[in-house]
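Enquirer: when you get a sec, could you give me coordinates for this:
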Amino acid sequence: MRLALKILSLSVARISEQSRIILTSRMKSFWLICALAVLKNSRSLTRCRIWLIWRTLFIFARKVRTATQRLLACASHLIHHDEPVIYTFADDFSAASPSRFKQMIEASENLDGAVLSCKKITDDAEFDRYGVINGQGVKDGVIKMTNIVEKPGKENAPSDLASVSSYLLPGEIFGYLDKAKEEFDGNGEFTIQPIMQQMIDDGFDFYGVEITNGTYYDTGDKLEYLKTVIDFGLRDPNFGDKLRAHLADRLK
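Expert: Next up is the predicted model:
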């Protein structure tokens with residue numbers, strides 16, 4: 001499966017029952033039209049700001065009490081169903097080299113399937129925090145998925161790969177989203193996990209792939225958020241030295 005040049009990246013973060021969406025593309029005018037179409041078709045969006053920076057379009061939108069997949073489904077009519085899409089979270093990520101997206105794209109092309117970015121579990125407590133990949137091992141750090149087991153605990157965990165940060169999905173996901181949206185009765189949350197599972201059951205190949213040569217950051221956790229700020233602050237060319245001196249002084 002070859003990743004098309006046009007990539008729609010939706011990034012969602014829950015903050016005080018509100019969310020942020022970022023749509024990005026290299027095609028400014030085309031995606032401006034698409035963005036306005038999304039906003040027009042999403043009644044839950046209450047405020048929106050649009051910036052055009054170089055060749056990237058950023059849309060920051062707020063919504064109230066609407067599951068993130070409903071917003072993803074609003075983009076269904078904007079993408080061909082043979083065009084892959086990267087769906088990425090805003091509150092956790094892997095800073096890696098090559099980047100996690102490059103690693104995911106390469107894995108998707110080599111494996112000819114969808115890719116869920118993963119981290120290898122190193123702390124037993126993480127088995128109770130993350131969904132864990134279940135399936136057949138292909139090689140170290142790669143599992144052909146049968147399903148995700150949510151927070152199984154160490155004793156019941158099917159592997160040591162936790163699904164985090166982002167998905168690279170086939171464009172057919174939107175057809176499944178449209179169907180699920182039509183059938184959704186409004187009770188509970190409209191979530192993407194059952195939709196991905198249906199695709200696996202229908203024969204689509206999904207792989208859990210460990211992102212290597214990097215550091216995973218979970219800014220949804222308060223302490224991990226502080227660690228993330230410190231790590232990036234120390235690497236900053238403008239503030240790193242001063243921050244390092246400040247920390248050294250505080251730790252005396």
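
Enquirer: and the contacts of stretch 114-126?
Expert: 94, 100, 103-104, 107-108, 127, 130, 132-133, 141, 145, 148, 154, 157, 160-170, 196, 199, 204-211, 216 (CB atoms under 8 Å, 6 or more residues apart in numbering). C-beta coordinates here come from the backbone N, C-alpha and C atoms, glycine included.

Enquirer: show me just the buried residues among these.
Expert: 94, 100, 103-104, 107-108, 127, 130, 132-133, 141, 145, 148, 157, 160-170, 196, 199, 204-211, 216 (16 or more other CB atoms under 10 Å).

Enquirer: which of these fall in helices?
Expert: Members of the buried ones among the contacts of stretch 114-126 lying in helices (criterion: DSSP state H): 100, 103-104, 107-108, 196, 199.

Enquirer: what residue ranges in the stretch 101-250 of the chain are flagged as low confidence?
Expert: Applying pLDDT under 70 to the stretch 101-250 of the chain picks out no residues at all.

Enquirer: would you map the strands across it?
Expert: Ranges of strands within the stretch 101-250 of the chain are 114-120, 131-139, 142-150, 161-169, 206-210, 214-218, based on DSSP state E, counting those that start in this stretch.

Enquirer: residue 86 is nearest to which of these?
Expert: strand 161-169 (5.3 Å; CB to CB).

Enquirer: tell me the helices and strands packed up against that closest one.
Expert: On a contact count with 3 or more CB pairs under 8 Å, 6 or more residues apart in numbering; DSSP states H and E, strand 161-169 meets strand 85-89, strand 92-96, helix 100-111, strand 114-120, strand 131-139, strand 206-210, strand 214-218.

Enquirer: surely residue 85 meets residue 169?
Expert: Yes: under the criterion of CB atoms under 8 Å, residue 85 makes contact with residue 169 at 5.4 Å.

Enquirer: and residue 156, what does it touch?
Expert: Taking CB under 8 Å, 6+ apart as the test, what residue 156 contacts is residue 149.
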